[in-house]
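Participant: Turn this into a model:
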Amino acid sequence: MIKLPFTPTVSLKNYVSGIDVTLKLENINSSMIVAANDIREIISPEMYDDIIDKMTTPPTDEDEAKKYAEVLELLRFAIVPLALYHHFIWLQIRVSPNSITTYKTDKETTAFKYQTDEARESLLISYGLFTKELIDSLDSDKETFTAWAESPQSTAFNNLLIKTYRDFDNCFQTEGNAAFFIRSRVFQQEAYDEINAHIKIKTILDATTPDPVMISKLKRALAYITVSRAISEWDNYYLPSTLRRNMANDASNNPRLTSEDVKDKLSFKYRNMAESVLRGMDIKTKADSQVPDKPSEYNPCEKRRHNENDKFVSMI
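Facilitator: Reported below is the predicted structural model:
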């Protein structure tokens, strides 16, 4: 069974805000294991196990021991909120021999739905933020954290064109949702391969004088396709609040639509937005390739005729 980065003397209260001081590790142990397994796959099993090993047997080198202690703390900060997210339903209800009921007493009552939604959102934000901080720490010293440096997970993150959640927010606003960025990295890589089949991305990136406008548009298209895939394939709770608000607005404005209809409609919208961006890039790329060697003979104001071959191939 997967080992957890905690000892009996470690208090969960130190790693998440709002937690009841009486909540102990054994109360949410199964959800902690689920969360730890999720993060273990993100930073690679080898790196995760290395951190656990160094927790029980710290390195003799003082500087190295300090570095491992820091990533251990970040690992704990990432695991606890994700575990509470997975365990959230069991924090709301009580299972007894007679039935499953919501927890309610004369002095306590259940929270409103908007409050529980905000609480779950907060847990995911914390998880995403600290997981990204953990990855950044491992990236900053690959000589020490060789298990991470040599992992396929590290290579996959380095190969992303949109490398940080802050950069992603410049293309599509997720309100700093690092959890979304981390979980959607596979979609982004698939979107890269999908676009590259039609527009050679390396030609744009490796140009003698890279065009920042074209690169910005490329990133925006990647973000739109990533978001489209996430809407289509994920549970709503994993989506940024910006997208959930859009879906709520669509549902209220179109009461005849089912929740799946709303998701399909929004997913299709962002897919179309990506194709619009890519179609413009494709036309510009073709136009640039047809500019004569003599600039004096080229009239930039001349209207160019387009035919069906100029259109970006639909990826739907």
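Participant: Report all helices and strands that the strand or helix carrying residue 224 contacts.
Facilitator: For residue 224, the host element (DSSP states H and E) is helix 212-233. Here helix 212-233 touches helix 165-171, helix 185-196, helix 201-205, helix 241-253, helix 259-289, going by 3 or more CB pairs under 8 Å, 6 or more residues apart in numbering; DSSP states H and E. Backbone N, C-alpha and C define where each C-beta goes, glycine included.
Participant: can you list the ones you listed in a markdown table and add mean pLDDT, mean neighbour count and distance to residue 46?
Facilitator: Shown next, in a markdown table, are the helices and strands packed on helix 212-233 (pLDDT from 0 to 100; neighbours: other CB atoms under 10 Å; distance: least, CB to CB, whole Å):
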| stretch | mean pLDDT | mean neighbour count | distance to residue 46 |
| --- | --- | --- | --- |
| helix 165-171 | 91 | 18 | 25 |
| helix 185-196 | 92 | 17 | 19 |
| helix 201-205 | 87 | 13 | 30 |
| helix 241-253 | 87 | 15 | 34 |
| helix 259-289 | 85 | 16 | 35 |
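Participant: any chance of the ones you listed in JSON lines, with distance to residue 113 too?
Facilitator: Shown next, in JSON lines, are the helices and strands packed on helix 212-233 (distance: least, CB to CB, whole Å):
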{"stretch": "helix 165-171", "distance to residue 113": "27"}
{"stretch": "helix 185-196", "distance to residue 113": "29"}
{"stretch": "helix 201-205", "distance to residue 113": "43"}
{"stretch": "helix 241-253", "distance to residue 113": "12"}
{"stretch": "helix 259-289", "distance to residue 113": "15"}
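Participant: what's the closest of those to residue 221?
Facilitator: Among the helices and strands packed on helix 212-233, helix 259-289 comes nearest to residue 221, with 4.4 Å by CB to CB.
Participant: pretty sure residue 97 belongs to a helix, no?
Facilitator: No - using DSSP: H, G, I helix; E, B strand; the rest coil, the assignment for residue 97 is coil, not a helix.
Participant: burial count for it?
Facilitator: If you count neighbours by other CB atoms under 10 Å, residue 97 ends up with 4.
Participant: Now it. Its backbone dihedrals?
Facilitator: phi -60, psi -20 (degrees, to the nearest 10).
Participant: can you pull the contacts of it?
Facilitator: Residues in contact with residue 97 (CB atoms under 8 Å, 6 or more residues apart in numbering): none are found.
Participant: what's the spacing between it and residue 91?
Facilitator: Counting by CB to CB, to the nearest Å, the separation of residue 97 from residue 91 is 20 Å.
Participant: nearest to residue 142, of the helices and strands packed on helix 212-233?
Facilitator: helix 185-196 (18.8 Å).
Participant: residues in contact with the closest one?
Facilitator: 156-157, 159-162, 201-202, 218, 221-223, 225-226, 229-230, 274, 278, 315.
Participant: Kindly write the PyMOL command that selects the buried subset of those.
Facilitator: The following PyMOL line selects those of the contacts of helix 185-196 that are buried, judged by 16 or more other CB atoms under 10 Å:
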select buried, resi 157+160+161+162+201+218+221+222+223+225+226+229+230+274+278
